[in-house]
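Novice: here's my sequence, what's the structure:
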Amino acid sequence: MVSVLRNSSSSVPVSHALAYELVELKEFDRVTDEAAAVRAVFGSPAADTPIDRRILPLVITGYDKHKVMQLVRDTRAHPENCLRPIAVIGLADHATDSLLEHLADGVLPPRPDSEMLRETSLTLSMLHRQLRDIRQAADDRPLTLLQYLYTRGSRLEPMVSPEETLAYSYPLAELFLGGSANEVRELLDDMARHSVVSAKHVDRVFTCPDCSSYRVCAKELCPECNSTHLEAQESIHHFRCGYVAPEAEFMVTGRPRCPKCHGDVQHIGVEYNRPGQFVVCGDCNYWATEPVLQAWCAVCNTYHSPADLRPVNISSYSLTQNAMSVARLGSWNPQHVAAQNSAAPRKRTATRKKPAKNKRSSAMDAIAKVVLKVASDNESPTTVYSAALRSPGEDASEELQTARMVIQQLASDSLLCVERRKQELMIVLHDSPDRHTPTCRQLEKAVLREAGIDLSISEVDDSDAPIVADEADRYA
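Specialist: Residues are numbered from 1 along each chain as shown. The predicted model follows:
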């Protein structure tokens, strides 16, 4: 049985305790409607207070695609700000493209309704919280890229780029790593060979052996003079003398006559037949049954045998379990960091503040309550699961984060996965008629198969989030 939370109330609080930065790209000094709507739902933007702006959510409103794209690219390319959660609001559907979707965490159309803004606010809040829990390494760009993928639960997908040498690019990775598409692909392939990332096949491109460009096309050449001036003609086989030639040679005198024995060729099946076609060269009049097939590179203007073209595999990349640990701890040697943390002296105090743990647990419950509230107020049906470790050990927190990544990749198009308590996850899936919603057992088996982690997943409804209303309002 699947628990489906449907819209039960239209009254939803509009305030939200989200610290964020608002950048309004105005036109002719005119205030955008989207900026006012953001303030109404998100609250006032963060003032000049001691806030870590490296992870502070950035909300951009504007209608000019080029200005928006430039700001997003500059933010992602900056070593200190590249991990910031970014939402873009105000671009029409025809102005958005796959590049912006690669770089931003959310893209909303002009005049979005309050429900869309609340969901975006929740997404930014969850990302901000996840970024607080990792050790950032701004001076290590490859590691920062892994941290971006880890916090987003996403994978690096190639984007078709005709201007690139291999027709594909990785715009997000190129901004993070500061390299060309080829350099980034080679680095990612090297990471895949060392089990840092996992590669999944997307395409296979054949390239020129001289310049490595994909701009190679097949050409048919004359076997005699290498001309491309070829024409296909029907052939005629004269039964009487056995002569075979293109039809044009039998029509030299204006009437069908064999050029070898000069006999008439009138009745098909009696005096001749048509066994096939010839290719005839318009430059040297040479004819043959097959032309010479060559691969021509438009970049370096050279011909090659098709067998000499070099195949290049294009892949998408996702994090392995090792990479998740590297991203979370902010070090390429997570065992060393773990040893340092365990060996670090702990301060002794006269009294232990156990309520702090309960306060964190209450905060997690409050966030979970907000997630359930958004799910219930959503017009589309929503399925909510709760996941917990069957046998939590010393590495329970790390195992739970790994399980979250596996679940996120399994249903990334329709899923929001948040931590509800220290050893519990809340999984929210937006159902769709054209998309299969995984069951509890399917998710359990997937996590056990992919990560070797034994989870207990069950259904959730409103009654499963024990939290008082005033506590939830602080996060709603």
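
Novice: who touches the strand or helix carrying Ala327?
Specialist: Taking DSSP states H and E as the criterion, the element that holds Ala327 is helix 321-329. The list of residues contacting helix 321-329 from outside it, by C-beta atoms under 8 Å, 6 or more residues apart in numbering, reads 133-135, 143, 146-147, 149-151, 195-197, 319, 332, 334, 337-338, 398, 401-402, 405, 451. Every C-beta, even on glycine, is put in place using the N, C-alpha and C of the backbone.

Novice: out of those residues, which are inside strands?
Specialist: Among these, the subset assigned to strands under DSSP state E consists of Val197, Leu319.

Novice: check the contacts of helix 321-329 for burial and list the buried ones.
Specialist: With burial judged by 16 or more other C-beta atoms under 10 Å, the buried subset of the contacts of helix 321-329 is 134, 143, 146-147, 149-151, 196-197, 319, 332, 334, 337, 398, 401-402, 405, 451.

Novice: can you name the residues that contact Ser161?
Specialist: Residues in contact with Ser161 (C-beta under 8 Å, 6+ apart) are Ala167, Tyr168, Ser169, Ala181.

Novice: all helices for the protein, in order.
Specialist: Taking DSSP state H to define them, one finds helices in the chain at 33-42, 65-77, 98-103, 114-132, 141-152, 171-177, 181-193, 321-329, 334-343, 355-377, 396-410, 440-451, 469-473.

Novice: centre of the chain to the fourth one, how far?
Specialist: Meaning helix 114-132. 19 Å (C-alpha atoms, centre = their mean, to the nearest Å).

Novice: what of the fifth one?
Specialist: How far helix 141-152 lies from its chain's middle: 14 Å, per C-alpha atoms, centre = their mean.

Novice: tell me the angle of it relative to helix 321-329?
Specialist: An angle of 90 degrees separates the directions of helix 141-152 and helix 321-329 when computed by axes from the mean of the first three to the mean of the last three C-alpha atoms, to 10 degrees.

Novice: packing partners for helix 141-152?
Specialist: Using 3 or more C-beta pairs under 8 Å, 6 or more residues apart in numbering; DSSP states H and E as the contact test, the elements touching helix 141-152 are helix 114-132, helix 171-177, strand 310-319, helix 321-329.

Novice: can you tell me what sits against the second one?
Specialist: Helix 171-177 is contacted by residues 73, 76-77, 82, 99, 102-103, 141-142, 144-145, 148, 156, 159, 180-181, 183-184, 187-188 when judged by C-beta under 8 Å, 6+ apart.

Novice: hmm, which of the residues you listed are the buried ones?
Specialist: Neighbour-count burial (16+ other C-beta under 10 Å) is assigned, among the contacts of helix 171-177, to 76, 82, 99, 102-103, 141-142, 144-145, 148, 156, 159, 181, 184, 187-188.

Novice: just the residues you listed now: which is nearest Thr289?
Specialist: Ala181 (42.4 Å; C-beta to C-beta).

Novice: tell me which residues touch the residue lying closest to that closest one once chain neighbours are set aside, please.
Specialist: In space, Ala181 comes closest to Ser169 once its chain neighbours are excluded; the distance is 4.1 Å by C-beta to C-beta, 6 or more residues apart in numbering. Going by C-beta under 8 Å, 6+ apart, Ser169 touches Pro158, Met159, Ser161, Ala181, Val184.

Novice: is it true that Leu149 touches Ser316?
Specialist: No: with contacts counted by C-beta atoms under 8 Å, Leu149 stays clear of Ser316, the gap being 11.2 Å.

Novice: what is in contact with those two at once?
Specialist: Overlap between the contact sets of Leu149 and Ser316, as judged by C-beta under 8 Å, 6+ apart, is given by Arg155, Leu156.

Novice: run through the bridge partners of Leu425.
Specialist: The bridge-partner assignment for Leu425, based on DSSP bridges, gives Ala387, Glu419.

Novice: my guess is it contacts Arg404. True?
Specialist: Yes: Leu425 is in contact with Arg404 according to C-beta under 8 Å; the separation is 5.8 Å.

Novice: redo the helices and strands packed on helix 141-152 as JSON lines? Include mean pLDDT.
Specialist: As requested, the helices and strands packed on helix 141-152 are arranged in JSON lines below (pLDDT from 0 to 100):
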{"stretch": "helix 114-132", "mean pLDDT": "90"}
{"stretch": "helix 171-177", "mean pLDDT": "89"}
{"stretch": "strand 310-319", "mean pLDDT": "94"}
{"stretch": "helix 321-329", "mean pLDDT": "87"}
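
Novice: can you tell me which of these is nearest to Ile236?
Specialist: Nearest to Ile236 among these is strand 310-319 (41.9 Å), distances taken as C-beta to C-beta.

Novice: tell me what that closest one is packed against?
Specialist: Helices and strands touching strand 310-319, by 3+ C-beta pairs under 8 Å, 6+ apart, are helix 141-152, helix 181-193, strand 197-207.

Novice: thinking again about what came up before, looking at the contacts of Ser169, spot the one nearest Ile89.
Specialist: Within the set of the contacts of Ser169, Met159 lies nearest Ile89; the separation is 22.6 Å, counting by C-beta to C-beta.

Novice: which ones are touching the closest one?
Specialist: The contact partners of Met159, by C-beta under 8 Å, 6+ apart, come to Ser98, Leu99, His102, Tyr168, Ser169, Tyr170, Pro171.

Novice: what's the spacing between it and Ala87?
Specialist: Going from Met159 to Ala87 by C-beta to C-beta, to the nearest Å gives 20 Å.
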